[in-house]
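**Q** fold the stuff below for me.
(one chain, ligands or ions: 2)
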Amino acid sequence: MTVAPPTVTLDNRFARELAEMAVPWQAAETPDPRLLVLNEPLAVELGLDPAWLRSPEGLRLLVGTVVPAGAAPVAQAYAGHQFGGFAPRLGDGRALLLGEFLDPDGRLRDLHLKGSGRTPFARGGDGLAAVGPMLREYVISEAMHALNIPTTRSLAVVATGRPVRRETMLPGAVLTRVASSHLRVGSFQYARATGDPDLLRRLADHAITRHHPGAADAEHPYLALFEAVIAAQASLVAQWMLVGFVHGVMNTDNMTISGETIDYGPCAFLEAFDPATVYSSIDEGGRYAYGNQPVVAEWNLARLAEALLPLLHDDQEKAVALAVESLGGFRRQYSDAWSAGMRAKLGLSSGLAEEIAPSLVDELLTLLQESRVDYTSFFRALARAARGDADPVRGLLLDPATFDAWMKRWRALGPDADLMDRVNPIYIPRNHVVEEALAAATGGDLDPLDRLLDAVASPYVQRPGLERYAAPAPEDFGAYRTFCGT
Ligand code: AMP
Ligand code: MG
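**A** Residues are numbered from 1 along each chain as shown. Ligands and ions are numbered 1, 2, ... in the order given. Predicted coordinates:
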């Protein structure tokens, strides 16, 4: 490992404060690093010089083979419930935390790698990642950011020059990820499972300072931490539901303490509205189906509560009672966030709408499901109806007469079409377009990816020439399937 010029200073706070959960490690050598995509706006936002990042030395930072003096990269330990079954030792099998840095706004951010080689947590895995899935995380996470949904960010994807064996041989890549931290529900489960109360307390204190500093002043800081995570996740999952995002692998190791979306593996966006939608090929029982996401989030938060119990009260029964009471707030918070968001999607902001909207919304969702309407384009078409042109939206439904009756009641509430257009995206990363861009990039052609990134970076304002990014998949695209373990 050589030392980079002092362009970036990386702290090793996680490694220092939580050494039991940090294994010092270094990234694998990359035979032939080549930059596939660099997020220039993000680099600038972080105070990093894009020109330097593009240089041979910058690339070596992006793949972790050269780190700034003082940096101490680590693989982080965590546990997790995967599809309901507890795995006490997961951890970064193919990822590394390079360190933390202060962005120009004074916020502490993790600089992290995915696909950087085997670590002691790799188990049977090869520690590597292929170009397609790393670009997929890049596209979807940046689309989520543009949709104003909290998420980890993607700074770059660098092809390594090392082939990766999957079903076929594929080109390998490293994703450089930025996050407000990589603390997960699974981090707390790991600390709890060690049986070391001091480690658990240090982890909770670390999380409070980094993410929920207000909790430190609460009467009961650890309960306040739990409640802050509940609030952040209730809001996050409501936003996923409103935009039609299916995470696909909501294991507790893939749920953050910060409330940022993390781990873009088998995720995808809904087309036809159907709560039972599942894309992941391994989710046979539909545990992580679109419509199950709020319930799964609540289940994961219950696992967080279990991990926190020793910090909540010395008397276990009292600790459980406190946790249960706090967790009871999740449903209301989720439902308030979702209902307010849905009213905005329908352009309804009046007090009257608040009373009438629930039944109106239920009926609408039933109609959408019956007609298998494309969820995203529906709301933009509906805004046109608010402006007087109802034909496009009527054409999406199988039974226009029933829909007309619905529209009559909706119109009576005075929907605001401009409000609708501010919250309902036109351009999302459509599954067939994502697949097409990733296949082209894997074969060496980055143009489709660049065009897709451009479309989803500005999702709300219609631009000529981008029609195909607004349209659902053609019939012959068939049922979409996504994969974990990529
Ligand atoms: P994920 O499904 O991406 O959340 O990963 C679950 C666990 O598997 C984590 O501990 C990962 O680090 C690990 N993992 C996934 N893919 C690989 C791989 N190719 N090599 C080593 N570990 C992996
Ligand atoms: Mg994960």
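
**Q** for the rest of this, base every contact and every neighbour count on C-alpha atoms.
**A** OK.

**Q** how much space separates Phe83 from Tyr480?
**A** Computed as Cα to Cα, to the nearest Å, the Phe83 to Tyr480 distance reads 21 Å.

**Q** how far does stretch 191-200 sit from its chain's centre?
**A** With Cα atoms, centre = their mean, to the nearest Å as the basis, stretch 191-200 stands 27 Å off its chain's centre.

**Q** give me the contact list for it.
**A** Residues external to stretch 191-200 that are found in contact with it (Cα atoms under 8 Å, 6 or more residues apart in numbering): 18, 20-21, 78, 88, 188, 203, 307-308, 310-311.

**Q** if we go to 7 Å?
**A** 188, 307 (Cα atoms under 7 Å, 6 or more residues apart in numbering).

**Q** okay, how far is it across it, tip to tip?
**A** Taking Cα to Cα as the measure, stretch 191-200 stretches 5 Å from start to finish.

**Q** may I see the buried residues of it?
**A** Across stretch 191-200, burial judged by 16 or more other Cα atoms under 10 Å covers 191-193, 199-200.

**Q** likewise stretch 414-432?
**A** 415-417, 419-421, 423-431.

**Q** who touches Ala179 in this structure?
**A** Ala179 touches 109-110, 152-153, counting by Cα under 7 Å, 6+ apart.

**Q** mind running it again at 6 Å?
**A** By Cα atoms under 6 Å, 6 or more residues apart in numbering, the contact set of Ala179 is 109-110, 152.

**Q** adding pLDDT, write these out as a markdown table.
**A** Converted to a markdown table, those look like this (pLDDT from 0 to 100):
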| residue | pLDDT |
| --- | --- |
| Arg109 | 97 |
| Asp110 | 98 |
| Thr152 | 98 |
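
**Q** ligand 1: which of the residues you listed is nearest?
**A** Among those, Thr152 lies closest to ligand 1 (Cα to the nearest ligand atom), at 13.9 Å.

**Q** how about the nearest residue to the closest one, chain neighbours excluded?
**A** Ala179 (4.6 Å; Cα to Cα, 6 or more residues apart in numbering).

**Q** same thing with Ala15?
**A** Nearest non-adjacent residue to Ala15, counting by Cα to Cα, 6+ apart: Ala22, 5.4 Å away.

**Q** give the contact list for the one you found.
**A** Going by Cα under 6 Å, 6+ apart, the list of residues near Ala22 reads 15, 74-76.

**Q** at 7 Å what do you get?
**A** When the contact criterion is Cα under 7 Å, 6+ apart, the partners of Ala22 are 15, 74-77.

**Q** same deal with Leu53?
**A** Leu59.

**Q** in whatever helix or strand it lives in, which residues are buried?
**A** Under the criterion of DSSP states H and E, Leu53 resides in helix 50-54. Within helix 50-54, the residues scored as buried using 16+ other Cα under 10 Å are 50, 53-54.

**Q** ok, stretch 205-220 next?
**A** Residues of stretch 205-220 classed as buried: 205-208, 210-213, 215 (neighbour count, 16+ other Cα under 10 Å).

**Q** which pLDDT value goes with Ala71?
**A** You'll see Ala71 listed with a pLDDT of 94.

**Q** let me redo that: Ala353
**A** Looking at Ala353, its pLDDT stands at 70.

**Q** doesn't it belong to a helix?
**A** Yes: inclusion of Ala353 in a helix is indicated when DSSP: H, G, I helix; E, B strand; the rest coil is applied.

**Q** can you tell me the element the residue lying closest to it once chain neighbours are set aside falls in?
**A** Once flanking residues are discounted, Ala353 sits nearest to Leu413: 6.4 Å by Cα to Cα, 6+ apart. Assessed by DSSP H and E, Leu413 sits outside every helix and strand.
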